[in-house]
Each structure stands twice: as C-alpha cells, then as structure tokens.
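>>> Okay, predicted coordinates and the sequence, questions at the end:
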Amino acid sequence: MTGFIVRRLLWGLLLLVLVIAVTFLIFYLLPSVNPAVLRAGKNGSPKVIAEISKDLGLNHPIYVQFWNYVKNIVFHGNFGYSYYYNDPVGGLIANRLPATLSLTVGAAFLWVVVGVPVGIISAIKRRTLLDRVAMGTALEFVSAPVFWLGLIALYLFATDIGQFHIFPGSGSYVGLTVSPVRWFESLLLPWMVLSATSTAIYARLVRGSLLQVMGEDYIRTARAKGLSERRVVLKHGMRSAITPLVTVLGLDIASLLGGAILTEGVFDIPGIGRLNIDAIGHGDVTIVQGTVLIASIFIIIANIIVDIAYAFLDPRVRYE
C-alpha cells in the first residue's frame, strides 16, 4: 500500500512539472502573448519593450527563464505580478480563493446528498414511474447550461430583481467572516444553480453503475444468505458502484476550485473564476497564467487523492 501511494505521489510530481512547463511555453514563448509587449501597452515603443524584456529576464536563454519561473513558483510561491491590479498574482488568487471554496464546497455537498440518493432509488425502482420522472428531470438539467439556469434563477428568485423574492442576498456576495447568515443567504441560490447539472449527472451515474453491480454473483449470494435488501444495496452494491463516482467527484471539485467561471460571473461572486474573467477583459496575462496553473495543481492533487481512495475502496487496485 505504501509503495502504491509513493508511486502516485511521484507521478503527480512529474505531472506537475510538465504542467508548469506547458504553461511556461504557452504564455512566455508564443509571440502573440509576449509579456513585454502586453505590459508596454498598445503604444509601447521598441525601446520600452526592450527595457521591459530585460527587467523580466526575457533576454536570457529559454532554460534559464524556465528555471527562474519554476524556482519562483516552487520556492517562493511567486506566480508573477499583475500590473493592472498592482499586486502579486499569488496574493490576488489567495484573496479570491475563500469565495470560490465556499461556492464549491456548498454545491458539491448539495449534488452529492441529492444526486446519490436519487440514483439509488431510481436503480431500486427501475422502470417505475418514479424512475422515469427522476431520470427525465435529470436529463433536462443535464441539457440546461449553467449560465442560462443562473440568469433564470436571478430573474425569478433574486431579492432585488426577482419576481418572487424567495432568496435574499442573491447576486451580492458577503464573506463568511463578515456575516455567516448573509454569507449563507448570498450563496444559497448559486449553490442550487451550480449543483443542478451535477446532481443530474450523479443521479444517472449512480443509477447505471448500481444496476450493473446488482446483477453480479456476489449480490445474489448476499441475498441468498438472508441479508436485508437495504444492507445488500448499501453495503455490498454501493461499495462497488461508488468507485466511478469518486473519480468524477474528485475531478469536479478540483475543476471548480480552479474557478467556476460561469456561475461566479452570473452571480458576481468575487472568486477565482471572476478574477479570470476580469483578467481576460483587461489583457492581464499574468493572472490568467496563474489561475490556469492553480487549476492544474488542484486537478493533479485530486487525481492523487482519487487514486489513493480507489485503493481503499477496491483492494484489487493496489496490485495492478
């Protein structure tokens, strides 16, 4: 087991180096995104561009630039400097992370506690009216874009502009440390919108996986022993059916931690996704580079955690 974990950690470290290298190549070597040209502005003279290039170290060989880039990230946590905000990129991302983390954790909790039970019930009640209604509703939510759901939800339910005024505080984010009650109120509608599609996906995934597992020989053996149907489904069936869910859950959470761009944009939540939108509009490539790298790090960490969780859920994984 220890060897399995060490191999996954080493593989994750190697993948992180590759991600940093690809990010470096995209943002520093392509002529269309020359940092010196972008920071000099549209009217920057060749002399100003040359001076900025010297200050940024762009006149050094590629391998020296890459080493300085890796060294700044790994040893100093320095993701660059934003000349638009006049602040380090790492500090800007750290300030926006709590809002993105709040949005991600709340939405993930909702889609798990709703999607998984719906999937289990649909699998147990296969081809019944309940199953057809649940899966039909899930298909509709899967097909609905998040930004469209967000706009419709704001139009109908938001306090200031909505028709029904059900969700107070929607569209005006309040930090947890400022007021826990207002924080919860401001995120309740975004949580529901962001989790709607994932809830539907998880319900369909759990249903399909559980239906496949329930036809296995060991399930029939458990029933033959006289175990209750609830224990057969939850203890024996779900343990095998949940492994695909772990993979999807880890990657979904990691992707959202990198910035739920559409949801944060619609509800004006000051998270990493919103920071990325603003940076693209201002041409602030340094911030875009930093957010892309942060999202990649989250996904790599999530993959490692999922692999380790697999080893605990399915002992066969340890020896493959």
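Thanks, I have the structure now.
>>> And for stretch 7-19, what's in contact with it?
If you take Cβ atoms under 8 Å, 6 or more residues apart in numbering as the criterion, stretch 7-19 is touched by V70, L293, S296, I297, I300, I301, N303, I304, D307, I308. Using the backbone N, CA and C atoms, a C-beta is placed for each residue, glycine as well.
>>> Using PyMOL, define a selection of the buried residues within these.
Listed next is the PyMOL selection for buried residues among the contacts of stretch 7-19, using 16 or more other Cβ atoms under 10 Å:
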select buried, resi 293+296+297+300+303+304+307+308
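>>> What is the nearest of the contacts of stretch 7-19 to F109?
Nearest to F109 out of those is I301 (Cβ to Cβ; 19.5 Å).
>>> Just confirm that closest one contacts A254, I think it does.
Yes. Shown here, I301 and A254 form a contact pair, counting by Cβ atoms under 8 Å, at 6.9 Å.
>>> and stretch 231-239, which residues are buried?
Buried, per 16+ other Cβ under 10 Å, within stretch 231-239: V232, V233, H236, G237, M238.
>>> just the residues you listed now: which is nearest V6?
Looking across the buried residues of stretch 231-239 and measuring by Cβ to Cβ, the closest to V6 is M238, at 29.6 Å.
>>> tell me which element that closest one is part of?
helix 238-241 (DSSP states H and E).
>>> Kindly report the same for A99.
helix 89-124.
>>> Among the contacts of stretch 7-19, which lie within helices?
V70, L293, S296, I297, I300, I301, N303, I304, D307, I308 (DSSP state H).
>>> can you list the residues you listed in a markdown table and add distance to Y202 and pLDDT?
A markdown table is the format used below for those (distance: Cβ to Cβ, whole Å; pLDDT from 0 to 100):
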| residue | distance to Y202 | pLDDT |
| --- | --- | --- |
| V70 | 37 | 82 |
| L293 | 28 | 85 |
| S296 | 24 | 84 |
| I297 | 25 | 84 |
| I300 | 23 | 85 |
| I301 | 21 | 85 |
| N303 | 19 | 82 |
| I304 | 22 | 82 |
| D307 | 20 | 77 |
| I308 | 21 | 77 |
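>>> Just give me the closest of the residues you listed to T104.
Of all the ones in helices among the contacts of stretch 7-19, I301 has the smallest distance to T104: 13.7 Å, by Cβ to Cβ.
>>> residues touching the closest one, list them.
G12, A254.
>>> ok, back up a step: so how far is the helix holding M238 from its chain's centroid?
Distance, stretch centre to chain centre, for helix 238-241: 24 Å (Cα atoms, centre = their mean, to the nearest Å).
>>> Any buried residues in the next helix or strand after that helix, and which?
Following helix 238-241 in sequence order, the next helix or strand is helix 243-257 (DSSP H and E). Neighbour-count burial for helix 243-257, counted by 16+ other Cβ under 10 Å, picks out T243, L245, V246, T247, L249, G250, D252, I253, A254, L256, L257.
>>> want to try a markdown table for those, with distance to V89 and pLDDT as columns?
Putting these into a markdown table (distance: Cβ to Cβ, whole Å; pLDDT from 0 to 100) gives the following:
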| residue | distance to V89 | pLDDT |
| --- | --- | --- |
| T243 | 37 | 78 |
| L245 | 34 | 82 |
| V246 | 32 | 81 |
| T247 | 31 | 80 |
| L249 | 29 | 85 |
| G250 | 26 | 84 |
| D252 | 25 | 85 |
| I253 | 23 | 85 |
| A254 | 20 | 82 |
| L256 | 20 | 83 |
| L257 | 17 | 80 |
